[in-house]
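Novice: Okay, here's the prediction I keep looking at, along with the sequence it came from:
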Amino acid sequence: MLHVGDPKDMPAVCLGIPEEATWERVVRNGSVVDEILELAARLPADLIAMTTRRDRGFLDALRGSTTAHVICHTPCPILAIPQA
């Protein structure tokens, strides 16, 4: 599980991951897109699951979403989950 930002802002999650699955919790700082893509390539990841948000304004609409940037550049499938 990757969280980009301040460790104290990482949400608590209940994953229900089977014991035989391998995973780790990683906290990084930097560009969200760059950090996701770098870690996915380094592992290599079989799947990226990430939450999505609605655009927060005009500049977000021009730049495109974080999810869209990851989808366009990742070497593995993406599971995009809308935030509640």
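Specialist: Nice, thanks for sending it over.

Novice: Any buried residues in stretch 21-28, and which?
Specialist: Judged by neighbour count using 16 or more other CB atoms under 10 Å, the buried positions of stretch 21-28 are Arg28. C-beta coordinates here come from the backbone N, C-alpha and C atoms, glycine included.

Novice: Check stretch 26-36 too.
Specialist: Buried, per 16+ other CB under 10 Å, within stretch 26-36: Arg28, Val32, Val33, Glu35, Ile36.

Novice: Let me have these in TSV, extended by pLDDT.
Specialist: Formatted as TSV, the buried residues of stretch 26-36 follow (pLDDT from 0 to 100):
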residue	pLDDT
Arg28	94
Val32	92
Val33	93
Glu35	94
Ile36	94
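
Novice: What is the nearest of these to Ile17?
Specialist: Of all these, Ile17 sits closest to Ile36, with 19.2 Å by CB to CB.

Novice: separation between the closest one and Leu79?
Specialist: Separation of Ile36 from Leu79 (CB to CB, to the nearest Å): 13 Å.

Novice: Touching both of the two, which residues are there?
Specialist: Ile48, Met50 (CB atoms under 8 Å, 6 or more residues apart in numbering).

Novice: In stretch 67-84, which residues are buried?
Specialist: Thr67, His69, Val70, Thr74, Ile78.

Novice: before we move on, the earlier item: looking at the buried residues of stretch 26-36, which are in strands?
Specialist: Mapping the buried residues of stretch 26-36 onto strands (DSSP state E) picks out Arg28.
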